[in-house]
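K.L.:
Structure for this input, please:
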Amino acid sequence: MPCTHWISALELAGATLDGRRSRGNPGLRKTQPEVIRWCAWRIDVYEAKPAELRPFVTGKLSDRSDARKLVRRYVGEGRKLLHDEGVLPWVLWASGASPQEWWRESRFLDAIDLWYIVYIERNRDALARVRECISLAADYARALEALSDARQKRGNENRPR
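P.N.:
Next up is the predicted model:
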């Protein structure tokens with residue numbers, strides 16, 4: 001029997017692999033990971049104001065202080081999740097909260113340089129093959145479009161007027 005079956009059975013029973021039993025609400029990381037990532041990105045990269053996020057996270061909350069707390073919670077959880085997943089720039093700061101103008105920080109610039117060396121330089125041949133495949137697919141798509149246009153034009157010419 002595959003291992004994933006046993007893991008699923010344990011999770012359904014409320015257990016975790018490290019022996020702890022999960023109770024209550026599974027949390028935003030499990031229920032809304034995309035939303036909390038987006039909230040962190042929106043604040044830290046897009047530089048949105050927290051008030052702009054309220055409609056996306058509050059639902060029917062009418063109390064402004066509750067809404068502010070909820071937005072802070074979503075952003076904080078998003079930052080922590082992005083940090084734990086190793087996403088730049090959040091991975092560079094322990095709490096996941098990046099400083100103002102983080103893109104000018106030497107820590108971030110060094111990380112980008114390292115990423116370029118590790119990913120781009122070492123994978124240059126593979127990336128070139130990917131670009132070739134994309135170019136070939138685009139050429140085929142253009143040829144199919146031209147063929148379709150020619151057939152349609154030929155069909156229009158053969159219709160009685």
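K.L.:
could you point out which element follows the helix or strand bottoming out on mean pLDDT in the chain?
P.N.:
Sorted by mean pLDDT, DSSP states H and E, the helices and strands of the chain end with helix 3-12, the least confident at a mean of 44. Once the chain leaves helix 3-12, the next helix or strand it forms, by DSSP states H and E, is helix 28-31.
K.L.:
Now do stretch 47-54: everything it contacts.
P.N.:
Applying CB atoms under 8 Å, 6 or more residues apart in numbering, the set of residues contacting stretch 47-54 from outside is 39, 42-43, 67-68, 71-72, 74-75. C-beta here means a position set from N, CA and C on the backbone, and glycine is covered the same way.
K.L.:
What are the buried residues along that stretch?
P.N.:
Using 16 or more other CB atoms under 10 Å as the test for burial, stretch 47-54 gives 50, 53-54.
K.L.:
wait, which of those residues is closest to Pro26?
P.N.:
Leu53 (21.7 Å; CB to CB).
K.L.:
Assumed that closest one was part of a helix.
P.N.:
Yes. Checked against DSSP: H, G, I helix; E, B strand; the rest coil, Leu53 lies within a helix.
K.L.:
hey, where'd the helices end up in this structure?
P.N.:
3-12, 28-31, 33-44, 50-57, 64-84, 106-115, 124-158 (DSSP state H).
K.L.:
roughly how far out does stretch 24-35 sit from the chain middle?
P.N.:
Distance, stretch centre to chain centre, for stretch 24-35: 15 Å (CA atoms, centre = their mean, to the nearest Å).
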